[in-house]
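1. Only the shape, not the letters, is given here:
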């Protein structure tokens, strides 16, 4: 009898072509399916809570798969972490009800986007943040975050190629803050946090790019609100680099 396994996965997306399996290029899904197939001696198809793009990282991606095995989940977790030599770590492995689905049963997702806001670049850790030399006005950026909280049509922040039929999403929380993460960052880190019912293709990165325009005073909060309401991607800011984006966690009922 097949059992349903749930994984919580952490990964550094720098050298991967995103989550989804592709004919060419290493992906998170491909690496996991290869490792599981080797350990369990059967073909495994794994399903994630959603796709992350090339270069995007995860602290708490959730995935599930079915396998014909009586292996203990803890033993399987240890086996995967021992077998996978790339920047992927299984944080948790558990057996769930057969009906569990990592994507369809997800109720919300949380993302963090990190910005280094200082004149000098970073020698260590540059692969995990966007470096901006000029100071950002966080108060103005947070005024914009108030506009996107709630149920809205986020068409202005959706890149082409999204598989979704509707661009309406509910944002439960959005905000920008600075913090001292200790050496080597000191007080130069800025993080944008957002929690929502779901996300469109490049939605978080497009919001960040547009927020940065306001933070640099190239636009103002009123203009940001107009961009949101216009449902026109051409009016929004550039897509922020993938390297600063982290899928923090996926929440289930």
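-> Received it, and whenever you're ready, just let me know what you need. Treat the numbers as computed from the prediction; the structure is a model and nothing was measured.
2. thinking residue 38 is in contact with residue 80, fair?
-> No. The pair residue 38 / residue 80 is not scored as a contact, 9.8 Å apart, by Cβ atoms under 8 Å. All C-beta atoms are positioned from the backbone trio N, CA, C, and that covers glycine.
3. The two: who's more crowded?
-> Applying other Cβ atoms under 10 Å to residue 38 and residue 80 shows that residue 80 carries more neighbours, namely 21 against 14.
4. Strands of the stretch 51-200 of the chain, residue ranges please.
-> 57-67, 88-96, 106-117, 130-132, 150-153, 168-179, 189-196 (DSSP state E, counting those that start in this stretch).
5. got the ones you listed as a markdown table, with mean neighbour count columns?
-> Below are those laid out as a markdown table (neighbours: other Cβ atoms under 10 Å):
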| stretch | mean neighbour count |
| --- | --- |
| strand 57-67 | 21 |
| strand 88-96 | 16 |
| strand 106-117 | 20 |
| strand 130-132 | 18 |
| strand 150-153 | 14 |
| strand 168-179 | 16 |
| strand 189-196 | 21 |
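6. Figure out which of those is closest to residue 51.
-> Among the strands of the stretch 51-200 of the chain, strand 57-67 comes nearest to residue 51, with 10.0 Å by Cβ to Cβ.
7. by contact count, what packs against that closest one?
-> strand 3-11, helix 28-40, strand 47-48, strand 245-252 (3 or more Cβ pairs under 8 Å, 6 or more residues apart in numbering; DSSP states H and E).
8. In contact with the closest residue in space to residue 11 that isn't next to it in sequence, which residues are there?
-> Leaving aside its chain neighbours, residue 11 sits nearest to residue 88 (4.5 Å; criterion: Cβ to Cβ, 6 or more residues apart in numbering). Neighbouring residues of residue 88 by Cβ atoms under 8 Å, 6 or more residues apart in numbering: 9, 10, 11, 12, 28, 31, 32.
9. Tell me how many other residues surround the fourth one.
-> Neighbourhood size, residue 12 [other Cβ under 10 Å]: 17.
10. Please give me every residue in contact with it.
-> 57, 87, 88, 127 are the contacts of residue 12 under Cβ under 8 Å, 6+ apart.
11. Okay, and the nearest residue to the last one once chain neighbours are set aside sits in which element?
-> If you skip the residues right next to it in sequence, residue 127 has residue 14 as its closest partner in space, 5.0 Å away by Cβ to Cβ, 6+ apart. According to DSSP states H and E, residue 14 maps onto no helix or strand at all.
12. And residue 14, how far from residue 243?
-> 7 Å (Cβ to Cβ, to the nearest Å).
13. Roughly how far does the closest residue to residue 103 other than its chain neighbours sit from residue 199?
-> Nearest residue to residue 103, sequence neighbours excluded (Cβ to Cβ, 6+ apart): residue 49, at 5.4 Å. Distance from residue 49 to residue 199, counting by Cβ to Cβ: 11 Å.
14. neighbour-wise, which of the contacts of residue 88 leads?
-> residue 28 (28 neighbours).
15. Check what pLDDT that one gets.
-> Note on residue 28: pLDDT of 97.
16. Correct me if wrong: it contacts residue 13.
-> Yes. In terms of Cβ under 8 Å, residue 28 counts as a neighbour of residue 13; the distance is 7.5 Å.
17. Now do the shared contacts for those two.
-> 52, 58.
18. what residues does stretch 240-253 touch?
-> 13-14, 49-50, 52-62, 102, 105-115, 126-130, 193, 204-206, 208-209, 212.
19. Show me what the mean pLDDT comes to for it.
-> 96.
20. Buried residues, that stretch. List them.
-> Across stretch 240-253, burial judged by 16 or more other Cβ atoms under 10 Å covers 240, 241, 242, 243, 244, 245, 246, 247, 248, 249, 250.
21. Would you check which pair of these lies furthest apart?
-> Once Cβ to Cβ is applied, these give 241 and 250 as the farthest pair, at 22.8 Å.
22. Just list the residues touching residue 94, thanks.
-> Residue 94 touches 5, 6, 73, counting by Cβ under 8 Å, 6+ apart.
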